[in-house]
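>>> below: sequence and its predicted model.
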Amino acid sequence: MRVGFFINPRAGYGVILNRKGSDSLPDIDPNLSTSVTVGKKFLNGVRDLGIHFLVPSGIMGSEELDALGIKDYEVTSFPGKNTDASDTVSFIRSLKKMEPQLIIFCGGDGTARDILSAGTGNVPVLGVPAGIKMESSVFAISLQHAIFITREITVSGTVETVVGEVVDIPESDLDTLHPSPKFYGELTTPNSQDMVSSPKLDFYQGNREGIVDYVIETMDPSINYIIGPGSTCKSIIARLGKETGLLGFDLVKAGEVLESDISEQRIYELADKGSCKLVLSPVGGQNFLLGRGNKQISSRVIKALDFQNVIVVSAPEKLTYTKRLYIDLDTSASITIPRYIRVITGYGMFKIVELEG
């Protein structure tokens, strides 16, 4: 099978700088690129399938294949040292005469937009989640799900397809109080239950007052609370008299908002000291608890906190059709994911939901 494959080395890099996107970053250090790490893990997971890879040269493709000792590849484009969106477009266009059966990329929503702008015809596209913003329905649920989909397609030799939506939040909107994703177009994707089924949906949130009341009334004044992104969590912040960005994390203690838009490093420092709890709400439509929309929560943060100190809140409407919540974290720190977690859905009201990670 001929597969177009590339890595956007900038994808996910913004987390290091406490940015909510990576599209407009200056020069990056390839050794710190999370997408390169994800790309290598993906390639290692499919190396035995006899795939003939069509790749860009350098860090976007051939370097990783060489590092893993994978020889069956062909270079079709030659990006510059400091890669950008134009290199993605050039690579996708270079594939048209090569007739790949599948295009696989490691990146985020911005990368998916670049692929869309280049045009892929009807070649199915599979996204390996490696960015900060990943709300498009062109991504596998996780790295392992992407490996499984690829193995399934390669063994069968055919790809059943469906249309996936490409959505993104423009970087100019990321630091506004109420950013929202915009629809850019559609790509053909594999039809698999291991794909993200839909972009983030705007749910009727119902009456959040009960959730907010319960969380605030049960807060221990001696404990630091890290309040996550999303409208439900931000209702807690609003009740405490502040208005902060929808996508950021805030620090609350003894009923006061002490810090806003805090970084992964700051969250880890607080978690590592103990006496800290994390308040999160799942991403509507995608059913992710961790790994989408909250990249500031890394595996080392969860290891320091432990799941017993994770408080999950959600309007009941958001959970109506939710069988499980997904967790897609980096594997730099070993964590144990419980089988179930309790979700606060109202004042003193709970739902037990299965976790998958």
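The structure has been received and is ready for your questions. Please read these numbers as outputs of a predicted model, since none were measured by experiment.
>>> can we go C-alpha only for contacts and neighbour counts from here?
Fine.
>>> beta partners for G164?
Under DSSP bridges, the beta-bridge partners of G164 are L187.
>>> that one: neighbouring residues, count only.
25 (other Cα atoms under 10 Å).
>>> repeat that for V138.
32.
>>> what of V125?
Using other Cα under 10 Å, V125 has 26 neighbouring residues.
>>> touching, it and I103? I think so.
Yes: V125 is within contact range of I103, at 4.8 Å (criterion: Cα atoms under 8 Å).
>>> and the strand or helix carrying D87, what's buried?
For D87, the host element (DSSP states H and E) is helix 85-94. Using 16 or more other Cα atoms under 10 Å as the test for burial, helix 85-94 gives A85, D87, T88, V89, S90, F91, I92, R93, S94.
>>> what would those look like in CSV with distance to Y225 and pLDDT?
Output for the buried residues of helix 85-94, formatted as CSV (distance: Cα to Cα, whole Å; pLDDT from 0 to 100):
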residue, distance to Y225, pLDDT
A85, 38, 92
D87, 42, 95
T88, 40, 96
V89, 43, 97
S90, 46, 97
F91, 45, 97
I92, 45, 97
R93, 48, 97
S94, 50, 97
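>>> name the SS class of L270, please.
helix (DSSP: H, G, I helix; E, B strand; the rest coil).
>>> how's the protein carved up into domains?
2-190, 209-356 (automatic domain parsing).
>>> and of these, who's closest to V196?
domain 2-190 (5.2 Å; Cα to Cα).
>>> endpoints of the closest one, how far apart?
End-to-end distance for domain 2-190: 15 Å, by Cα to Cα, to the nearest Å.
>>> again, but for stretch 51-67
Stretch 51-67: ends 17 Å apart by Cα to Cα.
>>> got it, and stretch 148-167?
24 Å.
>>> any idea how far it is from the middle of the chain?
19 Å (Cα atoms, centre = their mean, to the nearest Å).
>>> quick one: the strands in the stretch 1-150 of the chain?
With DSSP state E, counting those that start in this stretch as the criterion, the stretch 1-150 of the chain has strands at 2-7, 52-56, 73-77, 102-107, 125-129.
>>> what stretches of the stretch 151-300 of the chain score poorly on pLDDT?
Along the stretch 151-300 of the chain, segments meeting pLDDT under 70 span 172-180, 197-207, 284-285.
>>> what's the helix holding D87 in contact with?
Residues from elsewhere that reach helix 85-94 (Cα atoms under 8 Å, 6 or more residues apart in numbering): 8, 55-56, 76-80, 111, 114-115, 117-120.
>>> buried among these? Need that as a selection in ChimeraX.
A single ChimeraX command is used to select the members of those judged buried by 16+ other Cα under 10 Å:
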select :8,55,56,76,77,79,111,114,115,118,120
